[in-house]
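S.K.: Here is the input, now give the coordinates:
(2 chains)
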2 protein chains.
Amino acid sequence: MLNRHSSTPLYEQVAQLIQEKVNEETWQAGKKLPSERELCELFAVSRITIRQAIKQLEDQGILYRTHGVGTFISRKTKLQQPLEQINSFQQMLEQQGVIASTKILANKQVLSSVQMAKILNLQPTDYVSNLQLIGYGDEQPMVYYNSYFSIPVGQSIMPNAQAMETQGKPFSTLDLYPLTNTYQPTHLEQTFEAHTANKELASTMQIEEGWPIFQVTSIMYKDAYPLEYREAYYRGDQYRFFIKRKL
Amino acid sequence: MLNRHSSTPLYEQVAQLIQEKVNEETWQAGKKLPSERELCELFAVSRITIRQAIKQLEDQGILYRTHGVGTFISRKTKLQQPLEQINSFQQMLEQQGVIASTKILANKQVLSSVQMAKILNLQPTDYVSNLQLIGYGDEQPMVYYNSYFSIPVGQSIMPNAQAMETQGKPFSTLDLYPLTNTYQPTHLEQTFEAHTANKELASTMQIEEGWPIFQVTSIMYKDAYPLEYREAYYRGDQYRFFIKRKL
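M.R.: All right, here's what the predicted structure looks like:
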């Protein structure tokens, strides 16, 4: 209850009440906060007070605002992914108490683009295998993987993807190579970029347009031979990558 | 000129004309594209045609759209920054043909927050040094560094920052340590996140609210001793980080 005679400013009291609702999960992580108007009515305070309370909770990282989209309840902690070592998708999420799952969104052969042919060492008239996966954490889409392989690599990889999906085992493409006898990546090149979600990606990942996206583009090699070109799109509000290094 | 009897669709012709303007730098990288209405008038085509042309150029990475902000002309290439090695700010940009400069935005002592005291191994009642820098590439803000040091480290670092600025030498905080006799970081811990710019950051970096931001949070250590806590905000459309690693 608000105490209008307290020395604690009203907006701080409102912020505390909002935080309580987040703590007791009346308002859940990842969901949209009620509108300013609804909050005004709920707490019987002015819009200015609500805005001050929201601002304070944003500064504390409890709420999360995306320009033109709205205010959301933050996860208590972002998923932590180390950059130095490769963990399996399942292992990485489950170590952090999140239930992982993977669905195959698409699995097809398409005509290579000129750029893709160059990357995968193919002819521009060749076909390539395209595998699209969604990685879920606690049933929310967390990452969208869009991978391209040469046809022989694809033919070796795809049955494993289908078997893993059928068995309900969470996976990323990197978890599939150990199941092949032939292909095992020896090294990879990655780039990291910050983007915002366009309409298509927002729809695929069930987020709003304009949402922050951490994009990781990888080329996996077996020695000099490129096995895979992969674009991975991680929810910016859900993932944090880290590295420790010597100087 | 558009050829309305050509077999090439009108929107592709418009896309070509837009690309020519970008190539000849009539429309410059980083600037906003004229509005749809202006483009309709300029090319005497419908809004649908303009939208198709813009969509194609977006897919090719020539234009860059941020939800609720507008459509911009992309840099030809993003700045590439390796994750494995630390280059000086100047070296990193100038290797890529970009003129670097640095300005001190703020240089002050502030009361430590509880969190900062914990990170820097101080008492919550201690003061800390705060150094805020803007790193420019070709006179555009590229990165905003917000760093905190214990007072002794700050006192050792600050004169070097001021000397570098006076001499017009570009720098980041990591370039300042070799100039001190006492402090030389031995290792660091970094986290990487995708965000969108809030109002304050947008104003500091002269970008629009909602713009993609690549945030790198670092703690620099000399052995077990924490020298610096730094939040670096890179323009998401201008930077790409990369790494090569063995599996």
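S.K.: Show me what the helix or strand containing A:Ile134 is packed against.
M.R.: Using DSSP states H and E, A:Ile134 falls within strand A:127-137. Contacts of strand A:127-137 with other secondary structure elements, assessed using 3 or more CB pairs under 8 Å, 6 or more residues apart in numbering or on different chains; DSSP states H and E, are made with strand A:100-111, helix A:114-120, strand A:140-150, helix A:151-166. Quick note: C-beta positions are derived from backbone N, CA and C, even for glycine.
S.K.: Could I get the average pLDDT for the shortest one?
M.R.: Throughout helix A:114-120, pLDDT has a mean value of 88.
S.K.: Distance from it to the middle of the chain?
M.R.: Taking CA atoms, centre = their mean, to the nearest Å, one finds helix A:114-120 lying 26 Å from the centre of the chain it belongs to.
S.K.: So, low pLDDT: which residues of chain A?
M.R.: Where chain A drops to pLDDT under 70, the residues are A:67, A:76-77, A:84-86.
S.K.: For it, which segments count as helices?
M.R.: Using DSSP state H, the helices of chain A run over residues A:10-23, A:36-43, A:47-59, A:89-94, A:114-120, A:151-166, A:199-205.
S.K.: Out of the ones you listed, which is the most enclosed?
M.R.: Here the criterion is mean neighbour count by mean count of other CB atoms under 10 Å in any protein chain shown, and of those the winner is helix A:89-94, at a mean of 20.
S.K.: residues making contact with it?
M.R.: Outside of helix A:89-94, the residues that reach it under the criterion CB atoms under 8 Å, 6 or more residues apart in numbering or on different chains are A:79, A:81, A:99-100, A:102, A:135, A:137, A:142-143, A:169-172, A:174-175.
S.K.: List the residues that contact A:Thr204.
M.R.: Contact criterion CB under 8 Å, 6+ apart gives A:105, A:134, A:141, A:144 as the residues in contact with A:Thr204.
S.K.: rewinding a little: quickly name whichever of the contacts of helix A:89-94 is closest to chain B.
M.R.: Closest approach to chain B among the contacts of helix A:89-94 (CB to the nearest CB): A:Leu174, at 8.2 Å.
S.K.: burial measure for that closest one, as a count.
M.R.: The number of residues packed around A:Leu174, counting by other CB atoms under 10 Å in any protein chain shown, is 20.
S.K.: Kindly report the same for the one 4 residues further on.
M.R.: One way to gauge burial is a neighbour count; for A:Pro178, by other CB under 10 Å, it gives 12.
S.K.: residue contacts, the nearest residue to it once chain neighbours are set aside?
M.R.: What sits nearest to A:Pro178 in space, not counting adjacent residues and going by CB to CB, 6 or more residues apart in numbering or on different chains, is A:Gln184, at 6.8 Å. A:Gln184 makes contact with A:177-178, A:222 under the criterion CB under 8 Å, 6+ apart.
S.K.: per-domain residue ranges of chain A.
M.R.: Per the record, chain A has its domains at A:10-73, A:79-242, by automatic domain parsing.
S.K.: Can you add distance to B:Gly210 and give those domains back as JSON lines?
M.R.: Below are those laid out as JSON lines (distance: least, CB to CB, whole Å):
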{"stretch": "domain A:10-73", "distance to B:Gly210": "3"}
{"stretch": "domain A:79-242", "distance to B:Gly210": "6"}
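S.K.: For B:Ser218, which of the ones you listed is the nearest?
M.R.: Put simply, out of the domains of chain A the one that sits nearest B:Ser218 is domain A:79-242, at 10.4 Å, with distance taken as CB to CB.
S.K.: Across the sheet, point out what pairs with the closest residue to A:Asn121 other than its chain neighbours.
M.R.: The shortest distance from A:Asn121 to any residue that is not its chain neighbour, by CB to CB, 6+ apart, is 5.6 Å, and that residue is A:Pro226. Judged by DSSP bridges, the bridge partners of A:Pro226 are A:Tyr221.
S.K.: A:Glu12 is in contact with A:Val45, correct?
M.R.: No - counting by CB atoms under 8 Å, A:Val45 sits too far from A:Glu12 to count as a contact (11.7 Å).
S.K.: For the residue nearest to A:Pro178, give me the backbone phi and psi.
M.R.: The main-chain torsion angles of A:Gln184 are listed as degrees, to the nearest 10 and equal phi -140, psi 110.
S.K.: likewise A:Ile207?
M.R.: Per degrees, to the nearest 10, the residue geometry at A:Ile207, taken as phi and psi, is phi -130, psi -180.
S.K.: quick one: it from A:Glu200, how far?
M.R.: Counting by CB to CB, to the nearest Å, the gap between A:Ile207 and A:Glu200 amounts to 12 Å.
S.K.: and if you look at A:Gln184?
M.R.: Counting by CB to CB, the gap from A:Gln184 to A:Glu200 is 33 Å.
S.K.: Let me know how buried A:Ala194 is, in neighbour terms.
M.R.: Neighbours of A:Ala194 using other CB under 10 Å come to 27.
S.K.: Next, the contact list for it, please.
M.R.: With contact set as CB under 8 Å, 6+ apart, A:Ala194 has these partners: A:212-215, A:236, B:194-195, B:212-215, B:234, B:236, B:239.
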